[in-house]
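*Asks:* A predicted structure for the sequence below; I have some questions about it.
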Amino acid sequence: MGSDGSTPAVTGLVADFDLTPWNTMGLASRAAFGAVVTGVDQLVALAAAARAEGLAFHVIGQGSNLLLRPRIEGIVAVMATRGVSVDDRSPDTTLVTAQAGESWSGLVEHTVTQGMPGLENLAGIPGTVGAAPVQNIGAYGLELADRFHSLLAWDLAEARTRRFDGSDCGFAYRNSVFKAEAGRYVVLEVTLALPRRWTPVLGYAGLRELPPGSDALTIMRHVLAIRASKLPDWRQQGNAGSFFHNPVVTPAVAETIDGGPRFPHPDGVKLSAAWLIDACGFKGHRLGSAAVSDRHALVLVNRGGATYAEVAALATAIRDAVRSRFGVTLTQEPLEF
Ligand code: EPU
């Protein structure tokens, strides 16, 4: 609440804002204040109001990587800015700039179908363009960082815009400075560098069967088909995608685990969280209206009317079981507030 008990006067700001339609897990959640942001000036005004009133300030996109509590204090800004532009002056790369509120999967489909290959492996990932760099989204052998040029962010601490090149972003597996310093920056627009001399990335299981000369449209359709066959669609069954990171452990720990996929990693060995959870018998397991998907053990789903408490309790039960059976601690992927 504002210091005098009123709603701060910023365009579009409403009290008791319903976030239920703004999280793909479909949890019932309300923010003290919220606004759908359609312009950068509006975002800046909201941030200033939060600061002036001493309120917490949260920014979300489509809410596809969120675990929301039922009641959120402060202001929640839903980034819904739109616009895409293309700069094809360079002989090496096509630069595509998209505003933060654009749909990521929409951008992938637009670029690939318009003859600008490069993002096809990242097709079908829910969420917005602005959220994509925050956790350095990745799938089927490609990460956002591989196609990243630069981004423009609002620095909440210094109240100014800041441009970030790839080397400024601290990109790592499902991580970046925007996640590590959560609450400091709001991504406003992202520029991607799509290679003119494109070659397909077909090394990931499921894509290896495609012919080496496959075009980007074929790869994109294949990725969408694999995703549809493996992952529950949040429109049919609420979920936030992978609920845990794939854990990186020491070779000594990896050796104690009998079975399951393992991948080399600079810091040790990367294991499959889905396999560990599956091995503990959790696939399809229910806790109230929350459940582990019966299609993919890494996805927690809302079977209808699930509460934050149920999802959190299920996540704790999974973490405890994996830790006690394998000595591996899983970390949660969705952000929580
Ligand atoms: N597996 C099981 N049980 C299952 C599902 C999978 O044992 O129910 C094992 C299988 O051995 C499989 C392995 O886990 O080979 C890996 O499964 P998958 O290829 O589906 O990949 P993942 O490691 O579980 C990651 C990303 C996904 C991304 C896929 C494809 C993370 C945390 N998740 O999942 O990203 O779509 O690879 O590249 O890195 C997301 O982050 O929200 C997400 C969906």
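*Replies:* Received the coordinates, thanks.

*Asks:* which residues does the residue in the stretch 51-200 of the chain positioned nearest to the ligand contact?
*Replies:* Sorted by distance to the ligand under CB to the nearest ligand atom, the residues of the stretch 51-200 of the chain start with A139, at 3.7 Å. (Glycine included, C-beta is placed from N, CA and C.) A139 is in contact with N121, L122, I125, V223, R227, counting by CB atoms under 8 Å, 6 or more residues apart in numbering.

*Asks:* out of those residues, which are close to the ligand?
*Replies:* The subset of the contacts of A139 within reach of the ligand, by CB under 6 Å from any ligand atom, is empty.

*Asks:* any chance of those in CSV, plus secondary structure?
*Replies:* What follows is these, written out as CSV (DSSP: H, G, I helix; E, B strand; the rest coil):
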residue, secondary structure
N121, helix
L122, helix
I125, coil
V223, helix
R227, helix
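
*Asks:* if we can go back for a sec, quick one: the residue of the stretch 51-200 of the chain closest to the ligand and K270, what's the gap?
*Replies:* 15 Å (CB to CB, to the nearest Å).

*Asks:* same thing with R323?
*Replies:* Applying CB to CB to R323 and K270 gives a distance of 17 Å.

*Asks:* please apply the same query to R174.
*Replies:* 11 Å.

*Asks:* ok, residues contacting stretch 302-321?
*Replies:* Residues contacting stretch 302-321 (CB under 8 Å, 6+ apart): 25-29, 67-70, 237-239, 243-244, 277, 280, 282, 285-292, 300, 329-330, 332.

*Asks:* before we move on, what about stretch 230-246?
*Replies:* So stretch 230-246 is in contact with 23-27, 64-67, 125-126, 173-174, 270-273, 277, 293, 295-296, 298-303, 306, 315, 318-319, 330-334, going by CB under 8 Å, 6+ apart.

*Asks:* and what of stretch 189-197?
*Replies:* Contacts for stretch 189-197 (CB under 8 Å, 6+ apart): 81, 90-100, 111, 116-119, 129-130, 132-133, 147-152.

*Asks:* out of those, which are buried?
*Replies:* Listed as buried from the contacts of stretch 189-197 are 81, 93-100, 111, 116-119, 129-130, 132-133, 147-152; burial here means 16 or more other CB atoms under 10 Å.

*Asks:* out of those, name the ones that lie in helices.
*Replies:* In helices, defined here by DSSP state H, the members of those are T111.

*Asks:* and the stretch 51-200 of the chain, which residues reach the ligand?
*Replies:* Residues of the stretch 51-200 of the chain lying near the ligand (CB under 6 Å from any ligand atom): A139, Y140.

*Asks:* what lies in contact with stretch 282-296?
*Replies:* 230-232, 237, 239, 274, 277, 297, 299-307, 310-311, 313-314, 317-318, 321.

*Asks:* show me which of those neighbour the ligand.
*Replies:* K230, A274, A297.

*Asks:* tabulate those (CSV), appending neighbour count.
*Replies:* Output for those, formatted as CSV (neighbours: other CB atoms under 10 Å):
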residue, neighbour count
K230, 14
A274, 23
A297, 25
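
*Asks:* which of the residues you listed fall in helices?
*Replies:* K230, A274.

*Asks:* shaky segments in the stretch 201-337 of the chain?
*Replies:* Within the stretch 201-337 of the chain, no stretch has pLDDT under 70.

*Asks:* need the CA coordinates for stretch 122-129. CSV is fine.
*Replies:* C-alpha atoms of stretch 122-129 as CSV (Å, rounded to 0.1, in the frame of the first residue of the first chain):
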residue,chain,number,x,y,z
LEU,A,122,14.9,-23.0,-29.2
ALA,A,123,11.4,-23.3,-30.7
GLY,A,124,8.4,-23.8,-28.4
ILE,A,125,10.0,-22.5,-25.2
PRO,A,126,7.3,-20.7,-23.3
GLY,A,127,8.0,-17.2,-22.0
THR,A,128,8.9,-13.7,-23.2
VAL,A,129,11.9,-12.3,-25.0
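
*Asks:* and it, what's its mean pLDDT?
*Replies:* For stretch 122-129, the mean pLDDT works out to 98.

*Asks:* what sits up against it?
*Replies:* 24, 61-62, 64-65, 79, 98-105, 107-109, 112, 132, 137-140, 142, 144, 147, 189-190, 220, 223-224, 227-228, 234, 241.

*Asks:* selection in ChimeraX covering whichever of the residues you listed are buried, please.
*Replies:* Of the contacts of stretch 122-129, the buried ones go into a single ChimeraX selection, burial set by 16+ other CB under 10 Å:
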select :24,61,62,64,65,79,98,99,100,101,102,103,104,105,107,108,109,112,132,137,138,139,140,142,144,147,189,190,220,223,224,227,234,241
